[in-house]
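J.: Kindly return the folded structure for what I paste below:
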Amino acid sequence: MSADVGDGVPDGLRDIDRMLLGLEPDPSDPGVLWFELVPHLCRTDGRFYGGAALAVALAACSGGPPTATTAATGEPVVGGRLTHRINADAGCLDPAQVRLRFNLGALRQVVDSLTFQRDDGTVVPWLARSWEINDDVTAYTFHLRDGVTFSDGTPLTAQVVADNITTLQTMGATASIVAPYLQTLQSVRAVDTSTVEVRFGSPQAQFLQATSTPSMGIVAPATLAQDTGTRCTAGVVGTGPFTLASYRANDAIDLNRRTGYDWAPASFSHRGDAYLDSVRVVFVPDASVGSGMLLSGQVDMMADVSSEDFQRVQDAGMTFRPRTNPGFAQSYFVNARRGPLQDEAVRRALLLGLDRPTLLGATASSFEGPAQGVFTPNTPGYADQGSMFAYDPDAAARALDEAGWVPGPDGVRAKDGQRLALTVNYMSPTSLQRLPFMELAQQEYGKLGIAMTLNPVSATEDVQLRSRGDYDLRFNSLSRGDADVLTSEFTGLSPELDALLARQAGLSDPQERAAVVAQATAYILEHAYIVPINNSIAGQAWNPRVQGLTFDDTNTPSFNTAWVARD
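T.: All right, here's what the predicted structure looks like:
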């Protein structure tokens with residue numbers, strides 16, 4: 001098989017915000033001092049002056065929310081800064097080591113990848129102008145663009161790309177998202193200055209899509225020379241349209257435009273230097289506070305709009321993009337290797353014992369429908385298998401009864417002296433929006449005799465606990481525009497499942513591969529290795545003055561095509 005693809009395709013947090021968010025005032029912030037704002041929080045025209053945290057109290061002002069600016073038209077505007085709110089700080093500036101989706105989106109502006117996956121799922125050239133894949137999908141040969149440089153002036157060469165891939169492999173679990181992409185990697189070599197060959201010991205149909213991810217963004221030799229800790233704290237040097245200017249933990253990342261950028265994907269509306277002078281990414285955990293910042297003009301754009309605020313931001317005239325994330329549905333990921341969850345009957349009770357439509361109807365938006373499969377519908381290989389886990393509390397209770405889990409005096413089941421008590425880890429603050437759902441699910445499982453404790457963990461703790469297998473259930477999702485995302489969670493659970501995962505990895509025909517993927521997801525549901533909940537969406541919103549945004553398949557924005565219209 002030959003697959004030769006050608007080249008045709010307001011300044012930060014004000015002091016009042018910082019105080020109300022529990023942060024120290026910033027004397028260098030050029031914004032208005034907090035005590036000067038207190039007498040002027042509301043204007044007679046109903047517009048809001050104060051800060052982000054007070055924006056949630058817009059109803060207290062005499063008028064409604066701010067009137068949205070009419071969408072701009074005309075030529076792109078050069079200059080200015082875009083301020084983007086995301087919900088958490090991953091505490092690391094290396095895209096190879098970061099797992100949080102929105103943090104990866106910020107770092108995407110600094111690093112480019114060999115390929116780009118458009119929001120229709122198509123993989124197109126980026127740093128690689130073309131490639132070939134051998135017939136058994138064990139070898140990939142990439143031909144690099146000419147004239148690409150890192151922001152420190154170093155040229156992009158095949159040897160640098162080879163060194164990137166080799167380094168990612170040696171990072172192992174430290175690069176936890178990338179590790180499954182490089183399974184059975186055998187060799188990487190620079191054939192010449194602009195050609196790199198990657199060989200695997202087994203078929204890897206997923207690898208082309210993997211090369212489009214920010215986790216596999218290409219970094220400069222200076223970054224490769226640093227240890228992983230330094231890469232996290234100092235950040236990386238990439239070929240992207242922006243460079244890292246500053247980072248303040250749990251506050252903001254500042255990115256500045258670099259000059260001489262001219263190699264965005266051909267499908268982009270703009271390929272040269274970014275229009276924006278800079279991008280500021282601010283970390284604000286509370287989604288409602290983030291919406292208030294958007295409505296009050298404190299930020300231009302926000303990720304992860306809460307379900308409660310979907311209508312609010314639309315009513316205010318903001319542009320709203322509620323697109324489903326490809327990859328896993330938001331789910332309880334089950335650790336079938338320890339405790340009561342080694343018993344398939346317990347896992348089946350969890351799978352069948354949730355009334356998803358009712359619980360989600362009370363806690364989620366109309367955009368976030370109940371999952372009907374292991375994947376979300378816009379994931380390659382998706383199969384509607386909702387009938388395999390339709391709500392059936394009688395079957396759930398019967399499975400526990402037949403397996404010998406007997407209700408105790410407190411209503412919690414037990415077997416052989418072991419209580420059916422489970423802990424659910426969820427990342428805080430990124431999963432706080434789903435806490436009302438988890439609390440209702442906790443009550444529903446309690447009726448079946450399953451005691452469930454909800455345990456908030458940081459992103460770092462989640463990675464550490466997962467790598468050690470030190471958890472019962474994880475409430476999470478993982479976005480990836482390829483069905484091989486299955487290998488990141490389900491490898492090693494059974495020989496039958498491993499065989500299906502290996503088989504799909506060797507199929508280049510999309511229909512053949514989808515059929516095998518459907519067998520694998522059916523096996524996963526049959527043995528209740530996951531409890532799908534809802535179709536996770538990326539609810540992103542921005543002021544209509546923001547124009548020209550480009551998104552990839554995982555809803556990650558690229559800001560080099562964006563501009564902010566002037567009033």
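
J.: F207: what's it in contact with?
T.: Residues in contact with F207, defined by Cβ atoms under 8 Å, 6 or more residues apart in numbering, are 137, 140, 181, 198, 200. Placement of C-beta: from N, CA and C, glycine included.

J.: 7 Å - rerun?
T.: Taking Cβ atoms under 7 Å, 6 or more residues apart in numbering as the contact definition, F207 lies against 140, 181.

J.: How many residues are close by the spatially closest residue to R257 that is not a sequence neighbour?
T.: Leaving aside its sequence neighbours, R257 sits nearest to A274 (Cβ to Cβ, 6 or more residues apart in numbering; 4.6 Å). A274 sits with 27 neighbouring residues when counted by other Cβ atoms under 10 Å.

J.: Just confirm A274 contacts N560, I think it does.
T.: Yes: A274 is within contact range of N560, at 4.1 Å (criterion: Cβ atoms under 7 Å).

J.: list residues touching both of the two?
T.: In contact with both A274 and N560: 241, 261, using Cβ under 7 Å, 6+ apart.

J.: Now D343. Its backbone dihedrals?
T.: Dihedral pair for D343: phi -90, psi 120, per degrees, to the nearest 10.

J.: Check what pLDDT it gets.
T.: On pLDDT, D343 comes in at 98.

J.: got the contact list for it?
T.: A403.

J.: Distance of it relative to G446?
T.: With distances taken as Cβ to Cβ, to the nearest Å, D343 is found 19 Å from G446.

J.: now do R545
T.: R545 sits 49 Å away from G446, taking Cβ to Cβ as the criterion.

J.: Looking at those two, which is more packed in?
T.: Neighbour tally, R545 and G446, criterion other Cβ under 10 Å: the higher count belongs to R545, 21 against 13.

J.: correct me, but that one touches A562?
T.: No: look at R545 against A562 with Cβ under 7 Å: they stay out of range, at 10.7 Å.

J.: Can you give me the neighbour number for E461?
T.: E461 sits with 16 neighbouring residues when counted by other Cβ under 10 Å.

J.: that's a helix at it, yeah?
T.: Yes: the assignment for E461 is a helix, going by DSSP: H, G, I helix; E, B strand; the rest coil.

J.: what about G411, which SS state?
T.: coil.

J.: Could you find the closest non-adjacent residue to F150?
T.: The nearest residue in space to F150 (Cβ to Cβ, 6+ apart) is A220, at 3.9 Å.

J.: Isn't that neighbour up against T154?
T.: Yes: look at A220 against T154 with Cβ under 7 Å: they come within range, at 5.2 Å.

J.: Pick out whichever of those two has more residues nearby.
T.: Per other Cβ under 10 Å, whichever of A220 and T154 has more neighbours is A220, with 22 against 14.

J.: who's in contact with that one?
T.: A220 neighbours (Cβ under 7 Å, 6+ apart): 150, 152, 154, 237-238.

J.: Taking those residues together, which two end up most distant?
T.: Within the contacts of A220, T154 and G238 form the most distant pair, 10.7 Å apart (Cβ to Cβ).

J.: Poorly predicted segments of this structure, please.
T.: In the predicted model of the chain, residues 1-74, 429-430 satisfy pLDDT under 70.

J.: Next, the spatially most central residue of it: phi, psi?
T.: For the chain, the residue nearest the mean C-alpha position is R101 (2.5 Å; Cα atoms, centre = their mean). Recorded main-chain torsions at R101 are phi -60, psi -50, according to degrees, to the nearest 10.

J.: tell me the contacts of it?
T.: Applying Cβ under 7 Å, 6+ apart to R101 gives the contacts S479.

J.: Return the distance of it relative to I86.
T.: 9 Å.

J.: ok, now L208?
T.: Distance of L208 to I86, given as Cβ to Cβ: 28 Å.

J.: How many residues are close by G229?
T.: Neighbourhood size, G229 [other Cβ under 10 Å]: 12.

J.: That one sits in which helix or strand?
T.: Using DSSP states H and E, G229 sits within helix 228-234.

J.: Show me the contact partners of that helix.
T.: For helix 228-234, using Cβ under 7 Å, 6+ apart, the contacting residues are 92-94, 97, 171, 174, 223, 226.

J.: Following it in sequence, what is the next regular element?
T.: strand 242-248.

J.: Could you pull out the buried residues of that following strand?
T.: By neighbour count on 16 or more other Cβ atoms under 10 Å, the buried set for strand 242-248 is 242-244, 247.

J.: again, but for stretch 464-476
T.: For stretch 464-476, a neighbour-count test (16+ other Cβ under 10 Å) marks 465-466, 471-476 as buried.

J.: do stretch 222-239 as well
T.: 223-224, 226, 231-232, 235-239.

J.: and D119, how many neighbours?
T.: For D119, the count of nearby residues is 16 (other Cβ under 10 Å).

J.: gap between it and A396?
T.: 38 Å.

J.: Kindly confirm my reading that E512 forms part of a helix.
T.: Yes: counting by three-state DSSP, one finds E512 located in a helix.

J.: how much space is there between it and R466?
T.: 32 Å.

J.: do the same with T491
T.: Relative to R466, and taking Cβ to Cβ, T491 is found at 13 Å.

J.: shared neighbours, these two?
T.: Residues touching both T491 and R466 (Cβ under 7 Å, 6+ apart): none.

J.: follow-up on the earlier one: what would the buried residues of strand 242-248 look like in TSV with distance to Y332?
T.: Converted to TSV, those look like this (distance: Cβ to Cβ, whole Å):
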residue	distance to Y332
F242	37
T243	40
L244	36
Y247	34
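
J.: Could you identify the most distant pair in those residues?
T.: Based on Cβ to Cβ, the longest span within the buried residues of strand 242-248 runs between F242 and Y247 and measures 13.1 Å.

J.: who touches T184 in this structure?
T.: Contact analysis of T184 by Cβ under 7 Å, 6+ apart lists 200-202, 204.

J.: How about V279?
T.: Residues near V279 by Cβ under 7 Å, 6+ apart: 81-82, 84, 109, 242, 255, 559.

J.: quick check, it in a strand?
T.: Yes: the assignment for V279 (three-state DSSP) places it in a strand.

J.: What's opposite it in the beta bridge?
T.: L82, L255 (DSSP bridges).

J.: swap in I537?
T.: Beta bridges link I537 to T324, judged by DSSP bridges.
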